[in-house]
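J.: Got a sequence here, can you model it:
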Amino acid sequence: MAKKTPKSLLKNYLLNSSFHGYRFVVENNRHWTERLFWIVCCTLSWVATGLLIYSAYDDFKNNAISFVVDTSYLDWDTNFPSVVVCETDQQENIANVTDKVFGDPHDYNLDEIVKELVYYKGLSIYTLQICGPDVQNRDENCFKKHLRYFHDQVRSSCRNLFKSCIWDRREFDCCKYFRIIDTELGTCYGINSLQTREAHPPSFKMVSNRKLGPGSLKLKLLGNLNLYVLGPLDVPSLSSSLTDIITVSPNTRIERYFAIKEIENQPEVKHVEIDKRKCRFPEETDFDVYRYYSYSACSVRCRKRAQLSKCRCAHHLVPNTPLENQCDLDGIKCLNDNYNEISVFKAAWSNRTGLVCGCLPSCNEIEVAVIRDDKKRIEEDYAIVDLQLDRLPTERFKRNVVRGKLDLVVSMGGATALFLGASLLSFVEILHYLVVTPCASHIRNTIKPPKKSLKK
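T.: Numbering: from 1, shown residues only. Model prediction:
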């Protein structure tokens, strides 16, 4: 049997291929104009197929997710946002602790230093002026305790911050549900937050719907505080928006009315790669500061890494920072000298000094829009804060997958079938005609069948 040449194998494949049109190029007795016509048609078909497949892949890569507005709101249950309370000053506790540590009397400049360290806001100007490494003849008490010690001793407990809590005219135990949250601002107390120190804190149902109406939370608070209204995954930080913060002090009554917009995710969104959906789900995190991902948690982690990289320490209030990695006064000076570089965020395209983090938003974030704030003076020696949902939400955002992996496969298959008249098995044919068939033929020719023995 004559051995088939590559040319004859190719011709045999084109004559029998399920790709449409190719047999007209190699069939005998075809005029050259017919061959040319079909060569042009087949080439254009491949070009069109390639363009469509590229377009489908580009859409899959860059436009896999779409946002739509859902207005089927009649049966929605809307959860009240997280409310976090952080102390900002406590002079009585500071005086008691400094008397205990430094003795009475002592240099009362140390009281101001302790206040600056306990309620750290990113800069320690007063501390460095009195106790900095470059200060000559500084007070020997400057190094008496590690910096975190004062925070733990001065900060008020939950029972000393909350007088009462009322949800929709129903009073409840504040400190049973306001649980500790470790933040870069120090110890805070939050309700409805997923970032508490405990993995499974007690939950208090705070739901608004068409039956119950818009909910309200009334707090009576003691001392000087900052109150944050946030999403359940967010945390107070040095970069918190001013619109999220309510400054609270005794003898004041504050009413805040706000509206909520939530984001719902189609289940298939989780299967889309992070860089395509451009958001992260709570469990998609490897952070060492918080249990769940959020934009604010990512910001804290980014700032911590920058501090460790630049100064080989992080400031003493950063969550989950071992004592050996917390800054001493030399480290605090380094943080102060490089404040803009390691604490102030900037956009990647900006030329100013700052920190680029590239944090993605959370896929489950909520939008809390302030409608109005009312503030007035009262006679009581505590503060009253009324947080009220202004209205039930009438719309929410929904993140849908419009181009998943299956859609990509269908688009590619459709383009191939439309322009080439082919299927997946058509490409298997190439392997069959050009590789499998020659190999099988070679094996048949080289292995001779055994001769039959003649019967005697």
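J.: Kindly export stretch 424-440 (C-alpha atoms) in PDB.
T.: Once non-C-alpha atoms are left out, stretch 424-440 reads as follows in PDB (Å, rounded to 0.1, in the frame of the first residue of the first chain):
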ATOM      1  CA  LEU A 424     -16.500  20.900  19.000                       C
ATOM      2  CA  LEU A 425     -16.300  17.500  17.200                       C
ATOM      3  CA  SER A 426     -15.300  19.300  14.000                       C
ATOM      4  CA  PHE A 427     -12.000  20.300  15.800                       C
ATOM      5  CA  VAL A 428     -11.600  16.800  17.000                       C
ATOM      6  CA  GLU A 429     -11.800  15.700  13.300                       C
ATOM      7  CA  ILE A 430      -8.500  17.700  12.600                       C
ATOM      8  CA  LEU A 431      -6.700  15.500  15.200                       C
ATOM      9  CA  HIS A 432      -8.400  12.400  13.800                       C
ATOM     10  CA  TYR A 433      -7.500  12.900  10.100                       C
ATOM     11  CA  LEU A 434      -4.100  14.400  10.600                       C
ATOM     12  CA  VAL A 435      -2.800  12.400  13.500                       C
ATOM     13  CA  VAL A 436      -4.900   9.400  14.600                       C
ATOM     14  CA  THR A 437      -5.600   8.000  11.100                       C
ATOM     15  CA  PRO A 438      -1.900   8.100   9.900                       C
ATOM     16  CA  CYS A 439      -0.700   6.500  13.200                       C
ATOM     17  CA  ALA A 440      -3.400   3.700  12.900                       C
END
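J.: tell me which residues in that stretch are buried?
T.: Using 16 or more other C-beta atoms under 10 Å as the burial criterion, the residues of stretch 424-440 that qualify are 426, 429, 433. C-beta here means a position set from N, CA and C on the backbone, and glycine is covered the same way.
J.: Give the bridge partners for the closest residue in space to residue 321 that isn't next to it in sequence, please.
T.: Distances taken as C-beta to C-beta, 6 or more residues apart in numbering place residue 314 nearest to residue 321, at 4.8 Å, with adjacent residues excluded. Beta-bridge pairing for residue 314 (DSSP bridges): residue 326.
J.: what does the model give residue 314 for pLDDT?
T.: On the pLDDT scale, residue 314 is placed at 93.
J.: That one - how many residues pack around it?
T.: Around residue 314 there are 25 other residues, counting by other C-beta atoms under 10 Å.
J.: Contact partners for residue 376?
T.: Shown in contact with residue 376 (C-beta atoms under 8 Å, 6 or more residues apart in numbering): 252, 253.
J.: cool, residue 76 as well?
T.: The contact partners of residue 76, taken as C-beta under 8 Å, 6+ apart, are 209, 210, 392, 393, 396.
J.: shouldn't the third one be in contact with residue 209?
T.: Put plainly, it is residue 392. Yes. Applying C-beta atoms under 8 Å, one finds residue 392 in contact with residue 209, separated by 7.2 Å.
J.: okay, those two: which has more neighbours?
T.: Under the criterion of other C-beta under 10 Å, the comparison of residue 392 against residue 209 puts residue 392 first, with 18 against 15.
J.: SS state for that one?
T.: Using DSSP: H, G, I helix; E, B strand; the rest coil, the structure places residue 392 in coil.
J.: That one: what's it in contact with?
T.: Residue 392 neighbours (C-beta under 8 Å, 6+ apart): 73, 76, 78, 208, 209, 210, 213, 214.
J.: Which of those residues fall in helices?
T.: Among those, none falls in helices (DSSP state H).
J.: what does stretch 59-75 rub up against?
T.: For stretch 59-75, contacts defined as C-beta under 8 Å, 6+ apart pick out 209-210, 264, 269, 272, 276-278, 392-405, 407-408.
J.: Which of these are buried, as a ChimeraX select command?
T.: Those of those that count as buried under 16+ other C-beta under 10 Å are selected in ChimeraX with:
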select :269,272,276,277,392,393,396,397,398,399,401,403,404,408
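J.: Among the contacts of stretch 59-75, name the ones in helices.
T.: Counting by DSSP H, the part of the contacts of stretch 59-75 found in helices is 276, 277, 405, 407, 408.
J.: Next, work out how far apart residue 126 and residue 83 are.
T.: 31 Å (C-beta to C-beta, to the nearest Å).
J.: Show me which of these two is the more surrounded one.
T.: Using other C-beta under 10 Å as the criterion, residue 126 and residue 83 rank with residue 83 on top: 22 against 15.
J.: circling back: can you list the contacts of residue 392 in a markdown table and add distance to residue 420?
T.: Output for the contacts of residue 392, formatted as a markdown table (distance: C-beta to C-beta, whole Å):
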| residue | distance to residue 420 |
| --- | --- |
| 73 | 48 |
| 76 | 49 |
| 78 | 52 |
| 208 | 57 |
| 209 | 55 |
| 210 | 55 |
| 213 | 61 |
| 214 | 59 |
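J.: since we're on the residue lying closest to residue 327 once chain neighbours are set aside, how many residues are nearby?
T.: Leaving aside its chain neighbours, residue 327 sits nearest to residue 313 (4.0 Å; criterion: C-beta to C-beta, 6+ apart). Close neighbours of residue 313, defined as other C-beta under 10 Å, add up to 20.
J.: residues in contact with residue 313?
T.: Residues in contact with residue 313, defined by C-beta under 8 Å, 6+ apart, are 307, 325, 326, 327, 328, 331, 334.
J.: Identify the contacts common to residue 392 and residue 209.
T.: The contact sets of residue 392 and residue 209 overlap at 76, 78 (C-beta under 8 Å, 6+ apart).
J.: List the contacts of residue 294.
T.: Contacts of residue 294 were listed using C-beta under 8 Å, 6+ apart, and they are 195, 231, 233, 234, 235, 282, 362, 365.
J.: what about 7 Å?
T.: The contact partners of residue 294, by C-beta atoms under 7 Å, 6 or more residues apart in numbering, come to 233, 234, 362.
J.: what secondary structure does the closest residue in space to it that isn't next to it in sequence sit in?
T.: Spatially, and ignoring its direct neighbours in sequence, residue 294 is nearest to residue 233 (3.8 Å; C-beta to C-beta, 6+ apart). Under three-state DSSP, residue 233 falls in the coil class.
J.: so residue 233 touches residue 362, yeah?
T.: Yes. Residue 233 is within contact range of residue 362, at 5.5 Å (criterion: C-beta atoms under 7 Å).
J.: got a list of what the residue nearest to residue 321 touches?
T.: 304, 307, 308, 321, 325, 326, 327.
J.: What separation do you get for the second one and residue 120?
T.: So that's residue 307. Taking C-beta to C-beta, one finds residue 307 at 12 Å from residue 120.
J.: shared neighbours, those two?
T.: Each of residue 315 lies in contact with both residue 307 and residue 120 under the rule C-beta under 7 Å, 6+ apart.
J.: quick one: the helices in the stretch 301-450 of the chain?
T.: Under the criterion DSSP state H, counting those that start in this stretch, helices of the stretch 301-450 of the chain are mapped to 329-337, 339-343, 405-420, 424-431, 437-446.
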